[in-house]
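Asks: Got a sequence here, can you model it:
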Amino acid sequence: ACVHKIVNCKIESKRFAAFEDSAMAGFSLLVLLSLSACAAAGNLSWAIISPSGLAAPPQSRWYAGAAFRASPPALFVFGGKAVNKAPLGDTHAFDIAGTTGTWRVVIPAMSPPARFGFVSGVMTINGVEQWVISHGQGIDGALLDDTWAFNLGTEQWEDITGQIIGDVPRRRYGAAGGSLPGAERLWLSMGRGANTRLLSDTWVLERALNFTDGTLSWREMSPGAGLNQYDPFSPHARAEHAGTPLSNNSFAIFGGCADGGQVGGPCPLQDSWLLKEDGKWKRLPVCSSPRTGSSMVGIQGFLGRGLLWGGNDNTGPPSAVFPQRIVGPDYSGNELYILDAVDDRNISWTRVFASPSLSPRREGAATAYDRANGVVYMFGGRRIASNVTVDLLADVWRLSGDGAGEGDQGCLGITFTFVHLHGVLMYAAWGLFLPLGACLGRYYRWTWPLWFVLHIISQSAGVLLTVAGFVIIFLVANYEEPNFPHAIIGIVLTAVMLQQFLNGIFHPCVERENGQDDDGDKSGWRKCWEVYHAIGGFIAVAIGIAQVTLGVFLVDPPLPVWAVWCGLGGLWLLIFAVHEAVYLCCKCRHTSHYHYDN
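Replies: Next up, the predicted model:
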């Protein structure tokens with residue numbers, strides 16, 4: 001805003017060229033002072049105020065919750081996942097004094113059950129600011145749907161589940177959520193439900209309609225696509241993603257994991273979406289590398305703007321044999337992203353650098369926002385490194401500034417994963433080699449033996465590519481749960497393709513005269529085999545093209561990939577239609593032969 005005002009002032013100043021030199025000098029001084037003020041207010045800067053291991057911090061953890069109290073200033077932390085993956089149920093306070101602080105244990109009269117992966121945010125209930133938490137995963141993997149409120153003044157927990165009327169979102173963990181400070185609305189979006197099923201619905205907890213006594217109710221903002229991961233106008237069901245409200249009526253999400261849980265998709269994800277009050281999602285531009293467990297907060301001073309940082313950019317589902325990324329840039333510890341959604345018609349991401357940087361990089365950190373001072377507090381998380389034994393953290397960092405004075409560093413480059421490699425292999429197999437072999441086998445038999453040699457080469461290449469892609473996706477994806485359409489069809493299709501290839505190798509022989517196939521020389525077994533092999537091949541190719549199309553939906557690639565695949569599919573449809581018309585015409589003219597000649 002300061003920069004825009006300065007630019008406007010410069011433009012207006014051109015109209016007053018007759019001003020005296022002293023007046024222009026005074027104006028220049030004001031410009032410099034304004035720029036300095038903007039830079040000081042806008043530059044992003046990380047500062048550690050409680051290193052791990054000092055001042056008796058709470059146990060190291062990740063996927064905990066945090067809230068900030070303005071007076072007296074304190075950061076509260078609850079729950080999270082411990083080193084042994086057990087959920088925690090303790091509450092701690094970090095009393096802030098300038099650039100440092102001290103930890104203390106909060107001992108309320110009652111506490112919520114231990115949990116991690118829950119949603120939380122500060123809400124105003126009956127005029128009192130309370131930290132509200134809901135859902136999550138508890139002891140022995142139990143999923144929760146209860147709601148608790150922590151009074152920031154009395155530092156006491158209260159179970160407010162009974163104050164909520166109406167439908168309640170199904171139990172889950174790993175959802176994105178939060179609230180804007182001072183708002184009367186807590187968001188909950190997606191996550192993992194029963195049997196690790198990924199969910200796509202989004203809800204808000206708010207004051208119940210026509211109630212003034214603190215009664216709350218959940219309202220579904222968007223049902224999402226359910227288990228349908230093939231809707232290009234809605235985000236995939238996911239968990240371990242980042243999310244934050246940008247205003248009281250909009251919610252943004254980024255990244256996460258969409259693999260397993262009866263659905264399929266990349267893990268980590270790279271896409272970001274914005275949900276508006278009308279319940280419709282809008283896809284946002286791509287800028288960051290794919291990640292899970294990132295942190296995201298709305299900037300209260302600029303409604304419609306948010307900050308994104310951190311996360312794991314080289315991960316996969318729990319059952320993956322090795323990480324998914326093949327090549328791609330690593331993000332740096334001083335890297336943040338500013339989401340500007342103030343204008344719905346021009347939403348953009350800006351990559352900026354904070355100085356000094358955040359170290360170490362982490363995922364699953366707890367965050368809280370001090371709206372009065374425009375400061376973000378972050379606690380704990382899991383270290384992004386492979387050469388450490390204890391990778392959980394318990395440090396407190398403070399991020400100051402809003403990024404208004406930072407320059408755009410440009411978005412990160414392309415990340416290529418094993419899921420993408422799987423897609424490329426299937427793309428080539430079912431979009432090129434296998435349809436080509438089927439075309440040669442039906443329409444170019446008159447070129448014997450050339451058609452037969454090319455048919456064997458193309459089909460063999462298609463089979464090898466399919467088997468390679470099949471093995472790769474089982475190593476990097478959630479192969480323990482192949483229970484969604486793309487996975488099921490893929491397994492069946494691979495089996496059909498292999499038997500088709502084998503019965504082509506061990507086919508019944510036929511006598512040949514002058515290089516031609518003659519119906520009179522064929523046994524009954526041979527005729528039956530030719531019909532079976534031809535029909536089976538074309539069915540496999542048709543299903544294969546449809547299967548790759550489903551895969552393109554799942555991977556959610558850039559528009560050029562869509563254009564190439566749709567163009568290729570349309571081209572094959574045209575080729576087969578023209579060839580079939582010519583084939584049928586020639587067959588009618590030469591009724592005594594199964595082929596058509598030169």
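
Asks: Show the average pLDDT along stretch 247-256.
Replies: In this model, stretch 247-256 has an average pLDDT of 92.

Asks: From Val496, how far out is Ser458?
Replies: 17 Å (Cβ to Cβ, to the nearest Å). Just so you know, the C-beta spots here come from the backbone N, C-alpha and C atoms, and that holds for glycine as well.

Asks: Just want to know which of the two has more residues nearby.
Replies: Ser458 (21 against 16; other Cβ atoms under 10 Å).

Asks: So the residue nearest to the more buried one when sequence neighbours are not counted: helix, strand or coil?
Replies: Distances taken as Cβ to Cβ, 6 or more residues apart in numbering put Gly437 closest to Ser458, at 3.8 Å, once the chain neighbours are dropped. Under DSSP: H, G, I helix; E, B strand; the rest coil, Gly437 falls in the helix class.

Asks: My guess is Gly437 contacts Val453. True?
Replies: No: counting by Cβ atoms under 8 Å, Gly437 does not reach Val453; the two are 11.1 Å apart.

Asks: element containing the closest residue to Ala47 other than its chain neighbours?
Replies: Among residues not flanking Ala47 along the chain, Arg398 sits closest, at 5.1 Å (Cβ to Cβ, 6+ apart). Remark: Arg398 resides in strand 392-400, with elements defined by DSSP states H and E.

Asks: Direction included, what does that strand pair against?
Replies: Counting by DSSP bridges, the strands paired with strand 392-400 are strand 45-50 (antiparallel), strand 375-383 (antiparallel).

Asks: To Ala149, which of these lies closest?
Replies: Evaluated with Cβ to Cβ, the strands paired with strand 392-400 place strand 375-383 nearest to Ala149, the distance being 20.1 Å.

Asks: what's stretch 487-506 in contact with?
Replies: If you take Cβ atoms under 8 Å, 6 or more residues apart in numbering as the criterion, stretch 487-506 is touched by 264, 434, 459-460, 462-463, 466-467, 470, 473, 477, 481-482, 529, 532-533, 536-537, 539-540, 543-544, 546-547, 550.

Asks: Narrow the residues you listed to just the buried residues.
Replies: Among the contacts of stretch 487-506, those buried by neighbour count (16 or more other Cβ atoms under 10 Å) are 264, 434, 459, 462-463, 466-467, 470, 473, 477, 481-482, 529, 536-537, 540, 543-544, 547, 550.

Asks: from those residues, which ones fall inside helices?
Replies: In this view, these that belong to helices under DSSP state H are 434, 459, 462-463, 466-467, 470, 473, 529, 536-537, 540, 543-544, 547, 550.

Asks: so which pair among those is furthest apart in space?
Replies: Ile473 and Trp529 (31.9 Å).

Asks: picking up where we left off before, contacting residues around the residue nearest to Ala47?
Replies: 46-49, 375-378.

Asks: for the residues you listed, which one is nearest Leu143?
Replies: Met378 (26.4 Å).

Asks: So what sits opposite that closest one in the bridge?
Replies: Assessed by DSSP bridges, Met378 has beta-bridge partners Thr367, Trp397.

Asks: so for stretch 59-75, what's the average pLDDT?
Replies: 95.

Asks: Pull out the buried positions in that stretch.
Replies: Within stretch 59-75, the residues that qualify as buried are 60-69, 73-75, counting by 16+ other Cβ under 10 Å.

Asks: repeat for stretch 236-254
Replies: For stretch 236-254, by 16+ other Cβ under 10 Å, it's 236-248, 250-254.

Asks: End to end on that stretch, go ahead and measure it.
Replies: Terminal residues of stretch 236-254 are spaced 11 Å apart (Cα to Cα, to the nearest Å).

Asks: Dump the C-alpha coordinates for stretch 366-376 into PDB.
Replies: What follows is stretch 366-376, C-alpha atoms only, in PDB (Å, rounded to 0.1, in the frame of the first residue of the first chain):
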ATOM      1  CA  ALA A 366       2.000 -25.700  15.500                       C
ATOM      2  CA  THR A 367       1.300 -22.100  14.800                       C
ATOM      3  CA  ALA A 368      -0.500 -19.100  16.300                       C
ATOM      4  CA  TYR A 369      -1.000 -15.500  15.200                       C
ATOM      5  CA  ASP A 370      -0.600 -12.300  17.200                       C
ATOM      6  CA  ARG A 371      -2.900 -10.000  15.300                       C
ATOM      7  CA  ALA A 372      -2.100  -6.900  17.300                       C
ATOM      8  CA  ASN A 373       1.600  -7.000  16.400                       C
ATOM      9  CA  GLY A 374       1.400  -9.000  13.200                       C
ATOM     10  CA  VAL A 375       3.600 -11.700  14.500                       C
ATOM     11  CA  VAL A 376       3.500 -15.500  13.900                       C
END
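
Asks: contact partners of it?
Replies: Residues contacting stretch 366-376 (Cβ under 8 Å, 6+ apart): 63-68, 70, 73, 75-77, 80, 181-182, 295-301, 307, 377-381, 398-402.

Asks: Then stretch 408-418?
Replies: By Cβ under 8 Å, 6+ apart, stretch 408-418 touches 266, 270, 286-290, 313, 322, 324-329, 331, 335, 349-353, 472-473, 475-476.

Asks: Among those, which lie within strands?
Replies: With DSSP state E as the criterion, strands contain 325-327, 335, 349-353 from among the contacts of stretch 408-418.

Asks: mind listing the helices for this structure?
Replies: With DSSP H, the ranges of helices along the chain come out as 2-13, 21-42, 418-428, 434-443, 450-476, 485-505, 524-555, 559-589.

Asks: And the strands in the stretch 1-150 of the chain?
Replies: In the stretch 1-150 of the chain, the strands defined using DSSP state E, counting those that start in this stretch lie at 45-50, 65-69, 74-78, 91-97, 100-106, 119-125, 128-137, 143-151.
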